[in-house]
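Trainee: What shape does this take:
(2 chains)
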Amino acid sequence: MKQALHYLAAATAIFLLWALASFVLEQVKGWPVIPYPWSVAAAGIEYLPQWGSAFASSARRFFLSLLLAFATGLPLGLVVGASDRLHRWFSPLIYLLYPIPPIALLFFLYMAFGVGETVKVVTVSLTLFFQVLVAAHGAARNISPSYILAVRTAGADALQLHRHVILPAVLPEVFTAARVSVGLGITMLYIAETKLGLLGGPGSGLGVFIETYAMRTDLSLAGVVGLAFLGLLFYALLEVLERWLCRWKYVGKG
Amino acid sequence: MISVEALRIEYGRGRRRTLAVAGVTFQVADGEFVSLIGPSGCGKTSVLLAIDGIIRPTSGRITIRGEDVRGVRRDVAFITQDAGLLPWKTVRQNAELALRLQRRPREGVQEILRSLGLGGFENRYPAELSEGMRRRVGIARALALRPEVFLMDEPMANLDTLTRERIQEIILRLWHMYRFTGVLVTHDIEEAVFLGQRIIILSPRPARVVEVIENPGMGEVGYRRSEEFYHVVVKAREILKSLEER
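Mentor: Numbers count the residues shown, from 1 in each chain, chains lettered A, B, ... in the order given. Model (predicted):
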């Protein structure tokens, strides 16, 4: 509840700053460079069906990408990080591939996955995959030996060690990495949605929506606001998930 | 009975090979409580881990009730230095952990927690407990296995004096109740004398048995304040001191 109030205050602040920027630019340049927030809101409401469908498409893509990134990056990071031998062999590989932006490979990704839905999800999930993988791997290398000794002396096998110690130990760091990567992921989503022209029409994603209405600045900005909401949505989703799955981190802290 | 014969443990390979334990031999009879004491880093924890089956000896032989130790046994419980509680599990989940890992029914844990003064804290996380309570949860986890053998690796390390004595007294009480076979590793002389019917003194690394002190007076809480206790402590201290000077 308190946090919701904070978000409301932040939204109000952004609203006011935005209005101020619009006003100042209009005075200086002599024409409305940035539309006022209320006209953006009005335009958004006018085109609500397209805006909504664009938001839903982008949100669905991002959700699938995030799911895919967790489902692959997390187990791989755990297993490679927790084993010295696998770590020696695979870490150089991970760190060689990690800095490559999937966007640089977009042409090849289009060749491999076509120009439809798949390639967008693949691009974003590749981005998030490496973030999750590197965070899980790093955290798995740093687990307190006393936890490992405690379960080994109690007779744990390798699978139980991963399930009861390594996975719960790395989850907080993985969630932090995922939250930090939401912005990067949305950037990648925007590029993947817009790079190949505007085939799907303005309802097929926020990126396409923004590009389609580039000449109608109020509508275009409504799409940008949609991106901000999208980021916030996933940030909040990850936060709620972490508070639920890593309850122990928050005991006694309200 | 636990039998350790000519136990030798080396770590590492090639040039970086270090000898941690150099031929240690001792026996612990059923129901007997023995303390292993020696300078820090002398290899006493390695001996204990080898008895538990976590470390494979380089050479020598360890048997429990006549059977070679080849891995963690269901009748052996191990208490680690800092209790090794998992912060993401509640008190109850931590206490049940060993049973769960061994796929045994999780029975009697509630009673054990209550008998250790942890009733009402079952759903708390370790971060919400005092250090003394955390150690008791570690004891509960081991006790839940209803073990014949208790291996303890400095379970009272880094506690304030009163809490340490309280935990020592809990362990003593449990030994009277269950008559388990106990091996306690410690570098605290008074603790070794309070809890050990025999005190096995190990040399600095690589560990060898230097001397075994008989300590028949052990067994009562009041022993701590007796003259005999004092004499045994002095004797053990002198041996350990002479080792340092060597």
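Trainee: B:Val183: what secondary structure?
Mentor: strand (DSSP: H, G, I helix; E, B strand; the rest coil).
Trainee: quick one: low-confidence ranges for the stretch 51-200 of chain A?
Mentor: The model of the stretch 51-200 of chain A has pLDDT under 70 over residues A:196-199.
Trainee: what bits of chain B have low per-residue confidence?
Mentor: B:246.
Trainee: repeat that for 80
Mentor: Low-confidence segments of chain B, defined by pLDDT under 80, span residues B:244-246.
Trainee: near chain A, which residues of it show up?
Mentor: Residues of chain B lying close to chain A by Cβ under 8 Å from any Cβ of the partner chain are B:49, B:52, B:54, B:71-72, B:74, B:78, B:80-89, B:97-98, B:101-102, B:124-125, B:127-128, B:141, B:151. In this view, the C-beta of every residue, glycine as well, is placed from N, C-alpha and C.
Trainee: Make a ChimeraX selection of the buried ones in those residues.
Mentor: In ChimeraX, the members of the residues of chain B next to chain A classed as buried (16 or more other Cβ atoms under 10 Å in any protein chain shown) are selected with the following command:
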select /B:49,52,54,72,78,80,81,82,83,84,85,86,87,88,89,97,98,101,124,125,141,151
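Trainee: among the residues of chain B next to chain A, which are in helices?
Mentor: B:49, B:52, B:97-98, B:101, B:141 (DSSP state H).
Trainee: Among the residues you listed, which one sits closest to chain A?
Mentor: Minimum distance to chain A across those is 3.9 Å, recorded for B:Ala98 (Cβ to the nearest Cβ).
Trainee: which residues touch the closest residue to that closest one other than its chain neighbours?
Mentor: The shortest distance from B:Ala98 to any residue other than its chain neighbours is 3.9 Å, reached at A:Ala154 (Cβ to Cβ, 6 or more residues apart in numbering or on different chains). A:Ala154 makes contact with B:72, B:78, B:97-98, B:101-102, B:141, according to Cβ atoms under 8 Å, 6 or more residues apart in numbering or on different chains.
Trainee: Look up phi and psi at A:Ala154.
Mentor: Main-chain dihedrals, A:Ala154, degrees, to the nearest 10: phi -90, psi 0.
Trainee: helix, strand or coil for A:Ile100?
Mentor: coil.
Trainee: Can you tell me, leaving aside adjacent residues, what's nearest to the residue in chain B positioned nearest to chain A?
Mentor: Residue of chain B nearest chain A, by Cβ to the nearest Cβ: B:Gly84 (2.7 Å). Nearest in space to B:Gly84, with sequence neighbours left out and distances taken as Cβ to Cβ, 6+ apart, is A:Ala150 at 2.7 Å.
Trainee: got the contact list for that neighbour?
Mentor: Counting by Cβ under 8 Å, 6+ apart, the residues that A:Ala150 touches are B:80, B:83-86, B:97.
Trainee: next helix or strand past the strand or helix carrying it?
Mentor: A:Ala150 belongs to helix A:145-153 when assigned by DSSP states H and E. Where DSSP H and E defines the elements, the next helix or strand beyond helix A:145-153 is helix A:158-161.
Trainee: mind checking how far that following helix is from the chain centre?
Mentor: From the chain centre to the centre of helix A:158-161 is a distance of 30 Å (Cα atoms, centre = their mean, to the nearest Å).
Trainee: May I see the buried residues of it?
Mentor: By 16+ other Cβ under 10 Å, the buried positions in helix A:158-161 come out as A:160-161.
Trainee: And for stretch A:208-219?
Mentor: Of all the residues in stretch A:208-219, those buried under the rule 16+ other Cβ under 10 Å are A:208-213, A:217-219.
Trainee: again, but for stretch B:43-61
Mentor: Buried positions in stretch B:43-61, judged by neighbour count with 16+ other Cβ under 10 Å: B:43-55, B:57, B:60.
Trainee: Now intersect the residues of chain B next to chain A with the strands, please.
Mentor: Residues of the residues of chain B next to chain A located in strands (DSSP state E): B:78, B:151.
Trainee: For chain A, which segments count as helices?
Mentor: Using DSSP H, helices in chain A cover A:2-29, A:37-46, A:48-82, A:84-97, A:106-113, A:117-141, A:145-153, A:158-161, A:167-194, A:206-212, A:217-245.
Trainee: can those helices go into CSV with extra columns for distance to B:Ser203?
Mentor: Putting the helices of chain A into CSV (distance: least, Cβ to Cβ, whole Å) gives the following:
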stretch, distance to B:Ser203
helix A:2-29, 60
helix A:37-46, 78
helix A:48-82, 35
helix A:84-97, 31
helix A:106-113, 65
helix A:117-141, 35
helix A:145-153, 25
helix A:158-161, 34
helix A:167-194, 37
helix A:206-212, 72
helix A:217-245, 49
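Trainee: Select, out of the ones you listed, the one closest to B:Arg17.
Mentor: Closest to B:Arg17 of the helices of chain A is helix A:84-97 (Cβ to Cβ; 17.7 Å).
Trainee: Now that closest one - C-alpha only, CSV.
Mentor: The C-alpha coordinates for helix A:84-97 follow below in CSV (Å, rounded to 0.1, in the frame of the first residue of the first chain):
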residue,chain,number,x,y,z
ASP,A,84,34.5,-27.1,-10.6
ARG,A,85,35.1,-29.2,-13.6
LEU,A,86,32.1,-27.8,-15.6
HIS,A,87,33.1,-24.4,-14.5
ARG,A,88,36.6,-24.7,-15.9
TRP,A,89,35.3,-25.9,-19.2
PHE,A,90,32.2,-23.8,-19.8
SER,A,91,32.9,-20.5,-18.1
PRO,A,92,35.2,-19.2,-20.9
LEU,A,93,32.5,-20.1,-23.4
ILE,A,94,29.8,-18.2,-21.4
TYR,A,95,32.0,-15.1,-21.0
LEU,A,96,32.9,-15.1,-24.7
LEU,A,97,29.2,-15.3,-25.8
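Trainee: and that helix, what does it pack onto?
Mentor: Helices and strands touching helix A:84-97, by 3 or more Cβ pairs under 8 Å, 6 or more residues apart in numbering or on different chains; DSSP states H and E, are helix A:48-82, helix A:117-141.
Trainee: out of these, nearest to B:Glu214?
Mentor: Shortest distance between B:Glu214 and those, using Cβ to Cβ, is found for helix A:48-82: 45.5 Å.
Trainee: Please identify the buried residues of that closest one?
Mentor: Those would be A:50-51, A:53-55, A:57-59, A:61-62, A:64-66, A:68-70, A:72-74, A:76-82, for helix A:48-82 by 16+ other Cβ under 10 Å.
Trainee: Surely B:Phe33 touches B:Ile199?
Mentor: No - using Cβ atoms under 8 Å as the test, B:Phe33 is too far from B:Ile199 to be in contact (10.4 Å).
Trainee: which ones are touching the residue nearest the centre of chain B?
Mentor: In chain B, the residue lying closest to the centroid (Cα atoms, centre = their mean) is B:Met152, at 1.4 Å. Counting by Cβ under 8 Å, 6+ apart, B:Met152 touches B:48, B:78-79, B:171, B:182-185.
Trainee: any idea how far it is from A:Tyr7?
Mentor: 52 Å (Cβ to Cβ, to the nearest Å).
Trainee: coming back round to it: could you pull up the residues touching the residue of chain B closest to chain A?
Mentor: A:146-147, A:149-151, A:153, B:138.
Trainee: change it to 10 Å
Mentor: B:Gly84 makes contact with A:144-154, A:165, B:78, B:94, B:97, B:134, B:137-138, B:141, B:153 under the criterion Cβ atoms under 10 Å, 6 or more residues apart in numbering or on different chains.
Trainee: Over to A:Phe234?
Mentor: A:59, A:62-63, A:66, A:178-179, A:181-183, A:185-186.
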